[in-house]
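> Return a 3D structure for these sequence lines:
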Amino acid sequence: MGNATVAVAGAGAMGGGIAQVAAAAGHPVLVYDARAGAASAAVAQIRGMFEKLAAKGRMTAAAAAEAGARLRAAGALAELAPAAAVIEAIVEDLAAKQKLFAEVESLVSGECLLATNTSSLSLAAIARALRAPKRLVGMHFFNPAPLMELVEVVGTLVTDPEALERTEALARAWGKAPVRARATPGFIVNRVARPFYAEGLRLLSEQAADAATVDAVLREAGGFRMGPLELTDLIGHDVNFAVTRTVWESFFHDPRFTPSLVQQELVEAGWLGRKSGRGFYDYREGAAPSLPRTEAPQPRPDRVALTGYPDLAAALAARLQSGGVEVVLDPHLPTDLVLHIGDGRTAAALEGLAAGNARHQPTVVVDLALDYATAQRVAIAVSPRCHEDACASAIGALQAGGLAVSRLRDLPGLALLRTLAMLANEAADAVHQGVASAPAVDLALRKGVNYPIGPLAWADRMGAARVLAVLDGLARFYGEDRYRASPLLRQLAASGGMFHE
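Reported below is the predicted structural model:
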């Protein structure tokens, strides 16, 4: 498209961000909004942003002035007629989008690219309003658009392949990382990322831990930039809950996507997160910070046994040994305590398996860490009959290795393991159903929501059979279809195959 004119319909935060990206890339940009004065205000704000970038040395003053000069507010929809591409970023309302595109199609040339930034509505339904529905593509940016690299490029059954190729080329020219997706509810990111929020909300609803503790475990053990509950506070519970409902309804109420009653209550109370001053956390001036539950320092034991998958056990053993704890990797040797790296079974279940052993040893389950060598925190659970001395020894051993310890209710998969298993499962199902390729899914989750590793890359690291065992354990424990495993995951578990060959 070279430096052809780009039009952005919708002057909100997302539309303004897209307009900023296009202007910075050298395009004359028309900004339109049906609200009086909104387009002019957005243009002024973007120009101010360019000036700030110049002041910080991120672009020259001349480049900032030139980029700002390329922006113009359109007072009427008819002024978008010269555009070579129109990108829509208005309210998530099907009728409004259909009306806009029907009007735009009558104004622009037959070669003009028509793209919607919708995150959850049906592209096929939007395209139905066009005389030539093959022209419509999904060009889904992530907020804030100037900073986030990912753009999901989405097509329907009738989308012209050339339009998809042009959209990908345009995104690359703007310095973005486009990934191709099939038009299904939530596309890649808003579908595959749902378990990240859902499992955090479920842990909270089951009183496994408080919000600050769940978030701390996902950050400090899992490497996520934000935990699920603080992230929903940032997104806004009204927005996050609405997307969850849309995906759930679009999948005909599939229990995997069932919305949370906990989040619904927040929405009904008007506790929408940062923007309202209250959510899971209190953002009002003078509010006390919410701190994760961290176990008090305990004496270091001389010796512990460590069981679980050998590679994970060896990694955690090295961490504990660095703190002066002797670690025995054979649970049959005499020790006063067994630490078991979680595999989806509860501490109570593991204790039940060992109950027939005359030399029964107290067992504490340790949650997964993305990397035990660098993790800052780990979650544990103890069985009902595990006495406090044993619990204290487990905590002391982990603390000796430099880990903060958070004690959770004894639920299968604890926090990180179950979340990663569910993310991998949803990603596997997206690949199984042809939504996107495995590399595209992992790229989308890394670039779109800043995951430390793609969920399918993590599944390859763990092994599909291990991930399947966690999901099957969750399904048995809860008796819910929510935790059913993807057929592709089962297939790879049986064959020993990998998502990334």
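> which residues of the stretch 301-450 of the chain fall in helices?
Assigned by DSSP state H, counting those that start in this stretch, the helices in the stretch 301-450 of the chain fall at 310-321, 347-354, 388-400, 416-432, 438-449.
> Dump the fourth one to CSV, restricted to CA.
Once non-C-alpha atoms are left out, helix 416-432 reads as follows in CSV (Å, rounded to 0.1, in the frame of the first residue of the first chain):
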residue,chain,number,x,y,z
LEU,A,416,0.2,-22.8,38.2
LEU,A,417,0.1,-26.5,37.1
ARG,A,418,-3.6,-26.5,36.5
THR,A,419,-3.5,-23.1,34.7
LEU,A,420,-0.8,-24.1,32.4
ALA,A,421,-2.5,-27.4,31.7
MET,A,422,-5.7,-25.7,30.8
LEU,A,423,-4.0,-23.2,28.6
ALA,A,424,-2.1,-25.9,26.7
ASN,A,425,-5.4,-27.9,26.3
GLU,A,426,-7.3,-24.9,24.9
ALA,A,427,-4.3,-24.2,22.6
ALA,A,428,-4.3,-27.8,21.5
ASP,A,429,-8.0,-27.7,20.7
ALA,A,430,-7.5,-24.5,18.6
VAL,A,431,-4.9,-26.3,16.5
HIS,A,432,-7.1,-29.5,16.4
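> in it, what's buried?
416-431 (16 or more other CB atoms under 10 Å). Quick note: C-beta positions are derived from backbone N, CA and C, even for glycine.
> Also the last one?
The neighbour-count criterion (16+ other CB under 10 Å) identifies 438, 440-449 as the buried residues of helix 438-449.
> From the chain's centre, how far out is it? Work that out for me.
10 Å (CA atoms, centre = their mean, to the nearest Å).
> what packs against that helix?
strand 150-155, strand 177-182, helix 189-192, helix 416-432, helix 455-462 (3 or more CB pairs under 8 Å, 6 or more residues apart in numbering; DSSP states H and E).
> Ok, which of these comes nearest L107?
Comparing these by their distance to L107 (CB to CB), the top pick is strand 150-155, with 23.3 Å.
> Who are the packing partners of whichever helix or strand comes after the closest one?
Scanning forward in sequence from strand 150-155 by DSSP states H and E, the next helix or strand is helix 161-173. With contacts taken as 3+ CB pairs under 8 Å, 6+ apart, helix 161-173 sits against strand 113-116, strand 136-141, strand 150-155, strand 177-182.
> I'd like the helices and strands packed on helix 438-449 written out as JSON lines, with mean pLDDT and distance to V104 added.
Shown next, in JSON lines, are the helices and strands packed on helix 438-449 (pLDDT from 0 to 100; distance: least, CB to CB, whole Å):
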{"stretch": "strand 150-155", "mean pLDDT": "97", "distance to V104": "18"}
{"stretch": "strand 177-182", "mean pLDDT": "96", "distance to V104": "22"}
{"stretch": "helix 189-192", "mean pLDDT": "95", "distance to V104": "25"}
{"stretch": "helix 416-432", "mean pLDDT": "98", "distance to V104": "31"}
{"stretch": "helix 455-462", "mean pLDDT": "97", "distance to V104": "37"}
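> okay if I get those as JSON lines plus distance to A84?
Shown next, in JSON lines, are these (distance: least, CB to CB, whole Å):
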{"stretch": "strand 150-155", "distance to A84": "17"}
{"stretch": "strand 177-182", "distance to A84": "18"}
{"stretch": "helix 189-192", "distance to A84": "27"}
{"stretch": "helix 416-432", "distance to A84": "32"}
{"stretch": "helix 455-462", "distance to A84": "36"}
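> closest to G15 out of the helices and strands packed on helix 161-173?
Comparing the helices and strands packed on helix 161-173 by CB to CB, strand 136-141 comes nearest, at 9.6 Å.
> by contact count, what packs against that closest one?
By 3+ CB pairs under 8 Å, 6+ apart, strand 136-141 packs against helix 13-24, strand 113-116, helix 123-127, strand 150-155, helix 161-173.
> That strand versus helix 13-24: what angle between them?
Orientation of strand 136-141 against helix 13-24 (axes from the mean of the first three to the mean of the last three CA atoms, to 10 degrees) gives an angle of 90 degrees.
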